[in-house]
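Trainee: Quick one, fold the following:
(2 chains)
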There are 2 protein chains.
Amino acid sequence: MGRLLGIDIGGTKVAWALADRSGSVEARGRRPLDPSGDGEQDLDRIVADVEGLLERAGVATDTIDAIGVSAPSPQDPDAGLVLGPPNLPGWAQVAVRARLGAAFGRPVFLENDANAAALAEWRFGAGRGRSDLVYLTMSTGVGAGIIAGGRLVQGRAGGAGEVGHAPVEHPGEPCACGLRGCLEAYVGGAAWTKRLRRTAPATGRVAALAGGSQAITPVHVVAAAQEGDAFACAELERFNEYLARALVGLVFTLAPEVIVLGTIASAAGERLCFAPLREKVRQRAWERLARDLEIVPAALGEQTADLAGVCVALHGLVGDGGGAS
Amino acid sequence: MGRLLGIDIGGTKVAWALADRSGSVEARGRRPLDPSGDGEQDLDRIVADVEGLLERAGVATDTIDAIGVSAPSPQDPDAGLVLGPPNLPGWAQVAVRARLGAAFGRPVFLENDANAAALAEWRFGAGRGRSDLVYLTMSTGVGAGIIAGGRLVQGRAGGAGEVGHAPVEHPGEPCACGLRGCLEAYVGGAAWTKRLRRTAPATGRVAALAGGSQAITPVHVVAAAQEGDAFACAELERFNEYLARALVGLVFTLAPEVIVLGTIASAAGERLCFAPLREKVRQRAWERLARDLEIVPAALGEQTADLAGVCVALHGLVGDGGGAS
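Mentor: Residues are numbered from 1 along each chain as shown, chains lettered A, B, ... in the order given. Model (predicted):
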């Protein structure tokens, strides 16, 4: 068994790591992405980063079993292309699989970031040992990675897991995607931040913690709610309510063993988010589906950047999804 | 390759069939279920039915590769038990797999009826050749069978696919299951029938077609809507609206290639159901997910009873789901 090389391309940073199949990281690197506006050029720089890593670590490419890449949606998974994610300017159509395959001569697997993080939480994090898991990214936007029966659910053209746009209100508030009532319009970091800056009392605790209404982010709401601020607590109740609606839909559809929640929910923590959320789901889902369901924070934190790409490589090698270059 | 034996246990009838892997049926039988109130006794009678079939067809059990059973939920798929479906009185805990395994000495696979019908539509019906399919039963209740990446999504303890209870309104109308706002409370045959008998104008076209308000069923609404009756058309619009909400959630979650709709939707047909439904879904789902999505009626009709169990057997043999006795 050789090594796995993981590359995590985010909107603001890029990370790369060499690991074995147990997730033990042998060498790593990361830097701000600093997009040039030319995706090909950004990718060339990532190739150079990885070449540098391999050289410093004294690792020959033929000891690498596979390369896994985590990058934002949308993608063409069959062709191995990244197709213009909103947070990667200049990446309108970048042939990630072909370019990395040519540079390193190893099989390359590409997945969207939510799927890659779900694979990482499943293999090495909060979902270890389970067969049925839903992972929700909860940062600027909301996306999901779904593991069903021990396999990643990819959907047609890799389109599955866009749970952030499943409707939770009818017709509901406008979403940045152009639709209405999407989960992301209520619990996505960008949408929530916009709302908070508009609705938080100018002289209230949330604005004070942020140093002004226009600097408010969900972090300040969580901090104010921890102090018992009424506005902040009502905002978290609203966050939990909409999130619960989406989770109930997922529970009835997929019957997962564990639902893993990322950034914002993790930051809000047990008392402000997970405990009330579990209670809402228990009230609105059948006992046989809710009884043993775990709803837990993501466990990997910063390690996700190292392991997401590695897990994409591992999934590509052992699973039936993705395709080799 | 030997034969497959399929058994379809419904709330009102039982069917059994011998087929090959291409779905070609060699011998079949069916009769009203006529439940005795004792599930073990009902199952003994089914064993006798199948023994009669094999004898008349001159088929030895050792030429049968596997037995597949379709039966209502809930079940314990690991233990091969049917666990008290509401429409099977006396079936509180019936060891279907063990009993049939003992009777015929062949591997037995058990699935719930929605999953079994989904497998049948996928192998031989409207979803043939696809990898990602959602099938919705739409009769008294609403259930789903989900195929993702060419595999049945079963969920923890076989609990996946209860899409009839995913919320489509908040808090919404009471559902027979005890929750509120479930899809089934709006589009399930039992709930819709109850509503129609309460709300249809006593002197209107729907009541006239039914021969009285208390005899109204969705069939009469479909017939009246075909004549342009305003009440009936509004009811179908409502049916399509709630169904669309659920389908949009499924599209964003699973990115299916095809959504196959059963009984009531099939009966309502292209103009009253499928065309307006497709339009609603297209308006509320991203173009890249909705563009090539097919929303179509189930293709097998009465054949489902022959093929559902056969497909459960086939899936058990070739897939990774289910378990052998």
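
Trainee: now stretch A:23-31: mean pLDDT?
Mentor: Average pLDDT, stretch A:23-31: 95.

Trainee: buried ones in that stretch?
Mentor: A:23, A:27-30 (16 or more other CB atoms under 10 Å in any protein chain shown). All C-beta atoms are positioned from the backbone trio N, CA, C, and that covers glycine.

Trainee: how deep is the closest residue to chain B within the stretch 201-325 of chain A tucked in, by neighbour count?
Mentor: Across the stretch 201-325 of chain A, the shortest distance to chain B (CB to the nearest CB) belongs to A:A255, at 2.7 Å. Neighbourhood size, A:A255 [other CB atoms under 10 Å in any protein chain shown]: 24.

Trainee: these two touch, right, it and B:R156?
Mentor: Yes: using CB atoms under 8 Å, A:A255 is in contact with B:R156, at 4.8 Å.

Trainee: Now for those two: what residues contact both?
Mentor: Counting by CB atoms under 8 Å, 6 or more residues apart in numbering or on different chains, the shared contacts of A:A255 and B:R156 are A:132, A:289.

Trainee: Show the average pLDDT along stretch A:46-64.
Mentor: Averaging pLDDT along stretch A:46-64 yields 96.

Trainee: Would you mind listing the outside residues contacting it?
Mentor: A:2-5, A:7, A:9, A:14, A:16, A:18, A:26-29, A:31, A:99-100, A:103-106.

Trainee: could you flag which of the residues you listed are buried?
Mentor: The buried subset of the contacts of stretch A:46-64 (16+ other CB under 10 Å) comprises A:3-5, A:7, A:9, A:14, A:16, A:18, A:27-29, A:99-100, A:103-104, A:106.

Trainee: Which ones among these map onto strands?
Mentor: Under the assignment DSSP state E, the buried ones among the contacts of stretch A:46-64 contribute A:3-5, A:7, A:9, A:14, A:16, A:18, A:27-29 to strands.

Trainee: Show the overlap between these and what lies near chain B.
Mentor: Near chain B, taking CB under 8 Å from any CB of the partner chain as the test, no member of these is found.

Trainee: Next to chain B, which bits of the stretch 1-150 of chain A? Give me the list.
Mentor: Residues of the stretch 1-150 of chain A lying near chain B (CB under 8 Å from any CB): A:74, A:131-132, A:144, A:146, A:148-149.

Trainee: Including secondary structure, could those residues go into TSV?
Mentor: Below are those laid out as TSV (DSSP: H, G, I helix; E, B strand; the rest coil):
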residue	secondary structure
A:P74	coil
A:S131	coil
A:D132	coil
A:A144	strand
A:I146	strand
A:A148	strand
A:G149	coil
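
Trainee: which of the ones in strands among the buried ones among the contacts of stretch A:46-64 lies closest to B:E227?
Mentor: Proximity of those to B:E227 (CB to CB) peaks at A:I9, which lies at 58.4 Å.

Trainee: List the buried residues of stretch A:289-309.
Mentor: A:289-290, A:293, A:295-300, A:303-309.

Trainee: hmm, it touching chain B?
Mentor: Yes: counting by CB under 8 Å from any CB, chain B is contacted by stretch A:289-309 at A:289, A:292-293.

Trainee: before we move on, back to that, the closest residue to the residue of the stretch 201-325 of chain A closest to chain B other than its chain neighbours - how many residues pack around it?
Mentor: Sequence neighbours aside, B:G155 is the residue nearest to A:A255 in space, at 2.7 Å (criterion: CB to CB, 6 or more residues apart in numbering or on different chains). Neighbourhood size, B:G155 [other CB under 10 Å]: 24.

Trainee: What's the per-residue pLDDT of the nearest residue to A:D44 once chain neighbours are set aside here?
Mentor: Distances taken as CB to CB, 6+ apart place A:R99 nearest to A:D44, at 8.0 Å, with adjacent residues excluded. For A:R99, the model assigns a pLDDT of 97.

Trainee: Just list the residues touching A:R99, thanks.
Mentor: Contacts of A:R99 (CB under 8 Å, 6+ apart): A:40, A:43-44, A:47.

Trainee: A:A305: helix or strand, and which one exactly?
Mentor: helix A:303-318 (DSSP states H and E).

Trainee: Get me the contact residues on the stretch 201-325 of chain A for chain B.
Mentor: Residues of the stretch 201-325 of chain A lying close to chain B (CB under 8 Å from any CB) are A:245, A:248-250, A:252-257, A:284-286, A:288-289, A:292-293, A:320-321.

Trainee: if I look at the nearest residue to A:A148 once chain neighbours are set aside, how far off is B:W122?
Mentor: Spatial nearest neighbour of A:A148, chain neighbours left out: B:V153 (4.5 Å); criterion: CB to CB, 6+ apart. Taking CB to CB, to the nearest Å as the measure, B:V153 falls 12 Å from B:W122.
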